[in-house]
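Trainee: build me a model from this:
(chains A and B)
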Number of protein chains: 2
Amino acid sequence: MRQAGRYLPEYRAMRARYGFLELCRNPEAAAEVTLQPVGRLGVDAAILFADILLIVEPLGVGLEFSRGEGPVIARPIRQEVDVGRLKPIDVASGVPFVFETVRKVVRALGGRVPLIGFAGAPFTVASYLVEGGPSRHYLHTKRLMYEAPEAWHRLMELLADATARYLNGQIAAGAQAVQLFDSWVGVLSPADYRAFVLPHVRALLKALTPGAPVIHFGTGTAALLPLMREAGGNVIGLDWRVDLDAAWATVGHDIAVQGNLDPAVLLAKPSYIRERAKEVLARAGGRPGHIFNLGHGVLPDTPVEHVKALVDIVHELSDRR
Amino acid sequence: MRQAGRYLPEYRAMRARYGFLELCRNPEAAAEVTLQPVGRLGVDAAILFADILLIVEPLGVGLEFSRGEGPVIARPIRQEVDVGRLKPIDVASGVPFVFETVRKVVRALGGRVPLIGFAGAPFTVASYLVEGGPSRHYLHTKRLMYEAPEAWHRLMELLADATARYLNGQIAAGAQAVQLFDSWVGVLSPADYRAFVLPHVRALLKALTPGAPVIHFGTGTAALLPLMREAGGNVIGLDWRVDLDAAWATVGHDIAVQGNLDPAVLLAKPSYIRERAKEVLARAGGRPGHIFNLGHGVLPDTPVEHVKALVDIVHELSDRR
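Mentor: Just a heads-up that it's a prediction; the model follows:
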């Protein structure tokens, strides 16, 4: 889950020097930001610092991060005709800096911990493209799905294809695992997921270079978990809104799970964090194939020492060290 | 589910004449707004027009609906000391206009269709009180829960007690059924729901006058459904993010369910609405105890004729008329 972020003073210091996109596009700086939490927190893996929308920049939709940290797409893809105009994304020439960041991070880590690369899943990326930014009800997105299903599927194919090449590029550059973030897919009914999303995620995941484990994550996915498993991935990422034991039983114990402490728990005092981390570990039952994590990214107001405390607590309680 | 609203021109006409709270407090006008969709749409029940926050106005927290339609609480309840200062809510003298609206509506309906009264559930109402308005992450609310559980439970008891009296007042005034809206409870983990919410909803529902069926609704509740059933209600309201058949099996077929078409489907053309309504009915399988409904309120941009089309489609397909 996102480790670099506004809760870290050293990240804020970097952001004072670089605009958000500028930071993403600068391999030297992006590698530094990727490495910051690893040293500071003692986590077991580094997570690539990047943004899920970098890959759509070559489409010429006018991506900006002007208002606060939220992305804005100046020319959203709302109609069938907008989709028709899109050209395949040239990943290699569009986001070479991401691959360079991966190479730098892997070199700097020198095998101490692995690097997890990542990408946004086609639905989540499409939702930004169609809405033009974050959304509450995703009505433009759903309208496109329902009213112009062929255009929708064409858009999803384009994104799935580019995303597979993007993740394969990260794997080729040295990422030891990759995570696919379908952050907002939980706004869909299971029937919509099956019809409009699943085939594209499956195609994407099938196209990945074998060998690098794939974490498949979304939020609000309690009723989508069996379908996400069907779509693929070696690990299903769970948000905090499910009981880990019940969710693991749902996706099957033959697959790994990641999760799922509510990030809001990190606002409470460490003794309380300990209690709640213990609960998550108890639900995992010591079974191999559980990756302890938050149920979503670290929240901006989180005290750094609470994040560090959680890492220590999990290490202690899971007899990992 | 909410029937009166901005998608209806006659509602917008009333709102041009009355402020939102003014409209809620005026029994004549609120009754008219309650009745508008019944005549226009041909639905099988009227839904009381009111707001879930009316009941907290007597607390003196400074409720306003100034910015657009969103509620603002000028003096939020953030700390233990704020909770300590709260006095029990005098429902009879605090919201007499709601009971008067119920009487007027029931009289006007003359038994043609029943009236469903409603209230916000303690968690959802508390979340507004604590956050001071709508929220994305509910961090103040969760922080109060985690850091000051006694204050949290006192606040929930106060709200559960007032809400029971509020709903009993609506039943006494003639409402034939009531709905408890725990709209935002889906932001909680099942463990948090069990510890911080369930006991209070159970106490509330136990205190209701027997005889009027209770619909217990929330959104994003896929993993909370068994706990919501445990908390009580004769009908569990399902949002669109679950498959109705799977969700019904989860809560048990000995209880009724309501739902669960995605309100966004109403933006698509009627032939598509028909297809999706059919899917919901197929999942209900003609089993008695299914109340067809949307999975949440009608969205502001929805064409009125699409809502009317849905009502007709459901009546036709369910052989109800």
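Trainee: who are the neighbours in contact with the closest residue to chain B within the stretch 101-250 of chain A?
Mentor: As assessed by C-beta to the nearest C-beta, chain B sits closest to A:Ala222 within the stretch 101-250 of chain A, at 3.4 Å. Every C-beta, even on glycine, is put in place using the N, C-alpha and C of the backbone. By C-beta atoms under 8 Å, 6 or more residues apart in numbering or on different chains, A:Ala222 lies in contact with A:241-242, A:247, B:222-223, B:241-242.
Trainee: for it, which three-state class applies?
Mentor: Counting by DSSP: H, G, I helix; E, B strand; the rest coil, the backbone at A:Ala222 sits in coil.
Trainee: need the phi and psi values for it.
Mentor: phi -50, psi -50 (degrees, to the nearest 10).
Trainee: with A:Gln179 instead?
Mentor: With angles defined as degrees, to the nearest 10, A:Gln179 sits at phi -120, psi 140.
Trainee: what bridges to it?
Mentor: Beta-bridge pairing of A:Gln179 under DSSP bridges involves A:Phe118, A:Ile215.
Trainee: near chain B, which residues of the stretch 151-300 of chain A?
Mentor: Proximity of the stretch 151-300 of chain A to chain B is confined to A:186-192, A:220, A:222-223, A:240-243, A:246-247, A:262, A:264-265, A:267-269, A:272, A:279, A:295, A:299 under the rule C-beta under 8 Å from any C-beta of the partner chain.
Trainee: now go through these and say which are in helices.
Mentor: Residues of those located in helices (DSSP state H): A:190-192, A:246-247, A:272, A:279.
Trainee: and the gap between A:Val314 and chain B?
Mentor: Between A:Val314 and chain B the computed distance is 17 Å (C-beta to the nearest C-beta, to the nearest Å).
Trainee: still on that earlier bit, drop anything exposed from the residues of the stretch 151-300 of chain A next to chain B.
Mentor: Using 16 or more other C-beta atoms under 10 Å in any protein chain shown as the burial test, those include A:186-192, A:220, A:222-223, A:240-243, A:247, A:262, A:264-265, A:267-268, A:272, A:279, A:295, A:299 as buried.
Trainee: quick check: which ranges of the stretch 101-250 of chain A have low pLDDT?
Mentor: Residue ranges of the stretch 101-250 of chain A with pLDDT under 70: none are present.
Trainee: where along it do the strands fall?
Mentor: Using DSSP state E, counting those that start in this stretch, the strands of the stretch 101-250 of chain A run over A:115-120, A:177-182, A:214-218, A:235-237.
Trainee: disregarding residues adjacent in the polypeptide, which is nearest to A:Gly211?
Mentor: Nearest non-adjacent residue to A:Gly211, counting by C-beta to C-beta, 6 or more residues apart in numbering or on different chains: A:Ile171, 7.6 Å away.
Trainee: tell me the contacts of the one you found?
Mentor: A:117, A:178, A:208-209, A:211-212.
Trainee: of those residues - the most surrounded one?
Mentor: The most crowded member of these, judged by other C-beta atoms under 10 Å in any protein chain shown, is A:Gly117 (28 neighbours).
Trainee: hmm, A:Ala177 and it touching each other?
Mentor: Yes: under the criterion of C-beta atoms under 8 Å, A:Gly117 makes contact with A:Ala177 at 7.4 Å.
Trainee: stretch A:75-88 close to chain B?
Mentor: No: Stretch A:75-88 is not in contact with chain B by C-beta under 8 Å from any C-beta; minimum separation 12.8 Å.
Trainee: got the buried residues for that stretch?
Mentor: Buried residues in stretch A:75-88 (16+ other C-beta under 10 Å): A:76-80, A:82-83, A:86.
Trainee: nearest to chain B among these?
Mentor: Using C-beta to the nearest C-beta, the buried residues of stretch A:75-88 come closest to chain B at A:Arg78, 12.8 Å.
Trainee: give me the pLDDT value at that closest one.
Mentor: Note on A:Arg78: pLDDT of 94.
Trainee: ok, now which ones touch the one residue sitting closest to the centre of chain A?
Mentor: Centroid-nearest residue in chain A: A:Phe181, 3.3 Å away (criterion: C-alpha atoms, centre = their mean). Contacts for A:Phe181 were tallied using C-beta under 8 Å, 6+ apart; they are A:52, A:118-121, A:124, A:217-218.
Trainee: most neighbours among those residues, which one?
Mentor: Neighbour count (other C-beta under 10 Å) singles out A:Ala121 as the most crowded of the contacts of A:Phe181, with 30 neighbours.
Trainee: so which bits of the stretch 1-150 of chain A are right by chain B?
Mentor: Residues of the stretch 1-150 of chain A lying close to chain B (C-beta under 8 Å from any C-beta) are A:137-139, A:142-143, A:146-147.
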